[in-house]
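1. the sequence and its predicted three-dimensional model are supplied below.
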Amino acid sequence: MARIALENVAHSYQPAPQGPADFAVKELDHVWEDGSAYALLGPSGCGKTTLLNIISGLLVPSRGTVRFDGVDVTETIPERRNIAQVFQFPVVYDTMTVYDNLAFPLRNRGVAAAETDSRVREIARMLELDDRLQHRARRLTADAKQKISLGRALVRSDVAAILFDEPLTVIDPHLKWLLRSKLKQLHHQFDFTMIYVTHDQTEALTFADRVVVMYEGEVVQIGTPEELFERPIHTFVGYFIGSPGMNVAPAAVAGNKAVVAGHEIELDRAYPTLDGAANVEIGVRPEYVEICRGEDGLPVSVRRVDDIGRLKLVKVDLGGHLFNIVAGEDTEIAATQARIRFDRRRVHVYADGHIVEGRAA
Ligand code: ATP
């Protein structure tokens with residue numbers, strides 16, 4: 001396994017890029033630590049595959065340096081980088097047996113037969129392919145074929161990293177969860193450096209130790225699932241992570257008070273004046289807004305209540321701004337008017353999309 005460093009890496013598919021908008025990946029400095037499991041998460045077109053291809057060597061970046069364990073590999077072809085890759089669709093040899101498919105990467109590198117055999121059987125057992133080792137791959141379902149692709153990546157113990165590009169797209173929904181947990185288990189067992197591209201937050205948050213969130217060619221936040229949930233440093237991360245995403249509303253902020261549509265909200269910290277910012281907002285997750293009883297709290301109109309089993313999803317209007325609330329199943333909600341309260345410790349302030357640090361009030 002390797003420590004992979006990207007130094008001032010940027011990529012444009014255009015021969016003469018004019019400005020940041022022409023870059024599919026904007027300038028980026030990042031180290032992928034040896035043995036960690038990362039998810040690369042973001043909407044379609046934000047540059048995830050471009051970044052993955054720069055790491056694997058399928059693409060030479062327009063700028064910057066890629067290092068594996070300190071060695072410059074920017075111009076090194078994929079075969080020499082010692083990377084295993086799993087793509088959206090299975091890459092298997094249809095005429096070979098499952099066993100031979102799994103053994104192929106090891107035989108190719110001259111690994112001894114006994115070691116190959118024990119490694120193939122171990123991986124097959126983990127992926128629950130061991131009862132089909134002598135079947136030809138052609139006869140298998142798409143799910144099983146993709147398991148072989150995963151197995152072919154996992155079977156080698158000498159790879160610098162394993163890269164996954166939306167590998168569970170063709171997998172049946174109920175198997176997805178199973179395979180994701182398996183990958184996590186294999187990661188813990190073998191300490192692979194893994195980078196897993198997805199646009200699905202559940203996939204990213206359950207798989208990874210650290211999630212790298214991309215937006216319009218930029219890495220906007222790198223953090224544990226908890227950090228991304230509790231402290232999104234960009235409003236995009238707030239929207240994109242969580243279901244529903246973070247509520248964001250324009251606000252006037254002064255000291256430890258925010259005013260949204262004429263309503264005052266107390267904040268836990270004090271903020272500097274933000275006159276320089278074109279756009280000042282507060283952000284609060286639906287889980288941290290409470291419907292309160294009596295006369296306390298801010299007056300809102302109730303727009304919609306969805307009972308989703310153990311929770312209620314409530315949409316309210318505060319002076320023309322809609323807020324989602326995740327409430328307990330027993331919460332009483334009046335048909336038209338209600339009052340809400342924000343958990344002041346969980347309200348963040350953003351200037352032009354970026355979080356603003358407050359100081360203890
Ligand atoms: P998806 O989830 O849809 O695969 P992504 O996040 O992986 O998207 P990329 O495929 O890296 O995003 O694309 C980033 C940007 O670069 C997009 O605007 C895309 O249209 C553009 N792009 C990607 N590949 C090429 C290419 N070969 N030539 C020109 N533009 C490209």
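-> Looks like it arrived, so ask away. Since the model is a prediction, treat every value here as computed from it, not as a measurement.
2. what helix or strand is the closest residue to Phe89 other than its chain neighbours on?
-> Among residues not flanking Phe89 along the chain, Val170 sits closest, at 6.2 Å (CB to CB, 6 or more residues apart in numbering). Any C-beta I mention is one placed from the backbone N, CA and C, and that applies to glycine too. Under the criterion DSSP states H and E, no helix or strand holds Val170.
3. can you pull the contacts of Val170?
-> Applying CB atoms under 8 Å, 6 or more residues apart in numbering, we find Val170 in contact with Gln88, Phe89, Pro90, Ala142, Asp143, Gln146.
4. go through those and flag which are in helices.
-> Ala142, Asp143, Gln146 (DSSP state H).
5. just the pLDDT for the second one.
-> Just to be clear, that refers to Asp143. Asp143 carries a pLDDT value of 88.
6. picking that back up, filter the contacts of Val170 to the buried ones?
-> Neighbour counting by 16 or more other CB atoms under 10 Å classes Pro90, Gln146 among the contacts of Val170 as buried.
7. surely Lys176 is within a helix?
-> Yes - checked against DSSP: H, G, I helix; E, B strand; the rest coil, Lys176 lies within a helix.
8. wait, isn't it in contact with Leu168?
-> Yes - if you go by CB atoms under 8 Å, Lys176 and Leu168 touch, sitting 4.8 Å apart.
9. who touches both of those two?
-> Common contacts of Lys176 and Leu168 (CB under 8 Å, 6+ apart): Glu203.
10. more neighbours: the two, which one.
-> Leu168 (24 against 18; other CB atoms under 10 Å).
11. list the buried residues of stretch 319-329.
-> His321, Phe323, Asn324, Ile325, Val326, Ala327.
12. about what we covered before: run through the contacts of Val170 and flag the ones next to the ligand.
-> Checked against the ligand using CB under 6 Å from any ligand atom, those give no members in range.
13. quick one: contacts for Val159?
-> By CB under 8 Å, 6+ apart, the neighbours of Val159 are Met1, Asn82, Ile83, Ala84, Ala153, Phe192.
14. for the nearest residue to the first one once chain neighbours are set aside, give me phi and psi.
-> Sequence neighbours aside, Thr193 is the residue nearest to Met1 in space, at 4.6 Å (criterion: CB to CB, 6+ apart). Backbone torsions of Thr193, given as degrees, to the nearest 10, read phi -80, psi 120.
15. now do Thr193 against Tyr350, distance only.
-> For Thr193, the distance to Tyr350 equals 33 Å [CB to CB, to the nearest Å].
16. Gly294 now?
-> For Gly294, the distance to Tyr350 - CB to CB - is 31 Å.
17. for Val91, same thing?
-> Val91 is 43 Å from Tyr350, by CB to CB.
18. ok, those two, which is more surrounded?
-> Using other CB under 10 Å as the criterion, Val91 and Tyr350 rank with Tyr350 on top: 24 against 14.
19. what's the helix or strand hosting the more buried one packed up against?
-> Counting by DSSP H and E, the element that carries Tyr350 is strand 348-351. Judged by 3 or more CB pairs under 8 Å, 6 or more residues apart in numbering; DSSP states H and E, strand 348-351 is in contact with strand 280-284.
20. ok, the following helix or strand past the strand it packs on: who's next to it in the sheet?
-> Remark: after strand 280-284, the chain's next helix or strand is strand 289-292, criterion DSSP H and E. As defined by DSSP bridges, the strand partners of strand 289-292 come to strand 337-342 (antiparallel).
21. for the partner strand, which residues meet the burial criterion?
-> Buried, per 16+ other CB under 10 Å, within strand 337-342: Ala338, Arg339, Ile340, Phe342.
22. out of those, what pair is the most spread apart?
-> Ala338 and Phe342 (13.8 Å; CB to CB).
23. give me the distance between the two termini of stretch 135-143.
-> 15 Å (CA to CA, to the nearest Å).
24. residues contacting it, please?
-> 90, 92-98, 101, 132, 145, 148, 170-172, 175.
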